[in-house]
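In: With the sequence up front, the predicted model follows.
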Amino acid sequence: DDGVIEGVRYNGDEEVYADVVIDATGPAAPLASALDVVDLERENQAIGIEYEMEGVEMNHPEYADLRRAMMLRLDHDIAPGGYSWIFATGEDTAKVGICYIQNDRHREFAEAGKTVDGYLDDWVSRDPRFADAEKIDGKVHRGSAHIQMPDEMHTDRFLAIGDTVPSIDPLWGEGIHKGMKSARAAAATVDRCLTDSKRRLDAESLEVYERLWHRDVAPRMKARLMLTRLLYLAPNER
């Protein structure tokens, strides 16, 4: 209404109205994009997939003992432009996955037409630690997020949280944790505005959310993005 968000229309003609609307839709960001609050760039999009597996050899003689450790491997063989992991969840069970950004290094080393599923399946098929392992039914996890500095996170009567912003740690992920912290910062901001006698919900009043975000949710974001680029773009020899 007059350029200020009043609510959301969904499922065709369903409508809901609110004093403040919060976009928590993740990388799709339909509301934040429509309001020009965020500009998520495809070249900064990270995609990942993870299998939960059983029968994994956690102490294979050719590799490090992973019974009480996590493997995190940065290279361009298993996951060009990203990293792979094995995270033990039991004696012979583990979460096994890869994640990469579609960056310059990915384009340099990627095989034409190969998907993120293809890279994970290829690794699982040739790594001896998975020789007798099987995927656990219904335990496949997928996700995507953008690894970039947010321009804005709010406007009049509107806030964006979680991967909509994005809030994910560019180095190690932690999407759920960061999403919850950004939600807490948004809730504190809205509570402060609504309990004020003037109930101001304009962009200037909601700007405290951005200060909380940079202080509590993603401190030193620029430095972490720089380190992320150095790690993800480094050649295998490094």
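Out: Great, that's in hand.
In: Surely Ala145 is in a helix?
Out: No - the assignment for Ala145, made by DSSP: H, G, I helix; E, B strand; the rest coil, is strand rather than a helix.
In: Give me the most central residue, this structure.
Out: For the chain, Ala145 is the residue whose C-alpha lies nearest the centre (CA atoms, centre = their mean; 3.8 Å).
In: Retrieve the pLDDT associated with that residue.
Out: Note for Ala145: predicted pLDDT of 87.
In: What residues does it make contact with?
Out: Gly26, Pro27, Gln45, Ala46, Asp163, Pro166, Ile168, Gly173, Gly175 (CB atoms under 8 Å, 6 or more residues apart in numbering). Heads up, the C-betas are built off the backbone N, CA and C, glycines and all.
In: Using pLDDT, spot the least trustworthy of those.
Out: In terms of pLDDT, Gly173 ranks lowest among the contacts of Ala145, with 72.
In: where along this structure do the helices fall?
Out: With DSSP state H, the ranges of helices along the chain come out as 30-34, 104-109, 116-126, 175-195, 203-206, 208-212, 221-233.
In: so how many other residues sit close to the closest residue to Arg42 other than its chain neighbours?
Out: Excluding the flanking residues, the one nearest Arg42 by CB to CB, 6 or more residues apart in numbering is Gln102, at 7.0 Å. For Gln102, the neighbour count with other CB atoms under 10 Å is 18.
In: Identify all contacting residues around the lowest-mean-pLDDT helix or strand in the chain.
Out: Ranked by mean pLDDT, DSSP states H and E, the weakest helix or strand in the chain is helix 104-109, scoring a mean of 78. With CB under 8 Å, 6+ apart as the test, helix 104-109 has contacts from His76, Asp77, Pro80, Gly81, Gly82, Tyr100, Tyr232, Leu233.
In: Roughly how far does the residue lying farthest from the centre of the chain sit from Asp122?
Out: Largest separation from the mean C-alpha position in the chain: Ser197, at 37.3 Å (CA atoms, centre = their mean). Ser197 sits at a distance of 62 Å from Asp122 (criterion: CB to CB, to the nearest Å).
In: Likewise for Lys198?
Out: From Lys198 across to Asp122, the span is 60 Å (CB to CB).
In: The two - which one has more neighbours?
Out: Counted by other CB under 10 Å, Lys198 and Asp122 do not tie: Asp122 has more neighbours, with 15 against 7.
In: Now do the same contact list for that one.
Out: Neighbours of Asp122 in contact, by CB under 8 Å, 6+ apart: Lys114.
In: Per-residue pLDDT of it, please?
Out: pLDDT, Asp122: 96.
In: do the same with the one 3 residues further on
Out: Ser125 is assigned a pLDDT of 97 by the prediction.
In: Near it, how many other residues are there?
Out: Residues within reach of Ser125, counting by other CB under 10 Å, total 9.
In: what's the answer for Asp13, then?
Out: Asp13, neighbours per other CB under 10 Å, totals 6.
In: shaky segments in this structure?
Out: Filtered on pLDDT under 70, the chain yields the residue ranges 1, 236-238.
In: that older thread, Throw the contacts of Ala145 into TSV and include neighbour count, thanks.
Out: Shown next, in TSV, are those (neighbours: other CB atoms under 10 Å):
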residue	neighbour count
Gly26	18
Pro27	18
Gln45	18
Ala46	25
Asp163	23
Pro166	31
Ile168	24
Gly173	18
Gly175	20
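In: if I look at the nearest residue to Met71 once chain neighbours are set aside, how far off is Phe158?
Out: Distances taken as CB to CB, 6+ apart place Ile86 nearest to Met71, at 4.2 Å, with adjacent residues excluded. Noted for Ile86: a distance of 41 Å to Phe158, by CB to CB.
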